[in-house]
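In: predicted model and sequence below, questions to follow.
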Amino acid sequence: MTWRALSAGLSPAALGGGALAAEPYNALSLPTWVVHVSSVTEWSLAMRLIWVYADVSGNKVGRCRLTR
């Protein structure tokens, strides 16, 4: 697909695209998924480090209660 076809609003299906033609127009691209997965991984690691620090320091403020 060319930039000219994209700017004209032609979809891959209209241009005779292959298997990717069935992909919706608002599907996330691979770079977007990489950013999403790395952000979730970074957040999870940060939360784990906060919990470990709270345990080691004896300061339970850094640890949230998940159940009541």
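Out: It's in.
In: so who does Val37 touch?
Out: Going by CB atoms under 8 Å, 6 or more residues apart in numbering, Val37 touches no other residue. For glycine as for every other residue, the C-beta is placed from the backbone atoms N, C-alpha and C.
In: just to confirm, which helix or strand has it in it?
Out: Val37 is located in helix 30-57, with elements delineated by DSSP states H and E.
In: so where's the protein uncertain?
Out: 1-21, 62-68 (pLDDT under 70).
In: same thing but at 80, please
Out: For the chain, residues meeting the criterion pLDDT under 80 lie at 1-26, 59-68.
In: tell me the contacts of Asn59?
Out: Asn59 touches Tyr53, counting by CB under 8 Å, 6+ apart.
In: next one: His36
Out: With CB under 8 Å, 6+ apart, His36 has these contacts: Leu28.
In: likewise for Ser29?
Out: Ser29 neighbours (CB under 8 Å, 6+ apart): none.
In: tell me the spacing between it and Val56.
Out: 41 Å (CB to CB, to the nearest Å).
In: same check, this time on Glu42
Out: Distance from Glu42 to Val56, by CB to CB: 21 Å.
In: next, count neighbours for Ile50.
Out: 13 (other CB atoms under 10 Å).
In: ugh, wrong one, Ala54
Out: Using other CB under 10 Å as the criterion, the residues surrounding Ala54 number 15.
In: start the count at 409, not 1, going forward
Out: Taking 409 as the first residue, the last one we looked at is Ala462.
In: just checking, it touches Lys468?
Out: Yes: between Ala462 and Lys468 there is a contact at 5.9 Å, judged by CB atoms under 8 Å.
In: assign Leu436 to helix, strand or coil.
Out: coil (DSSP: H, G, I helix; E, B strand; the rest coil).
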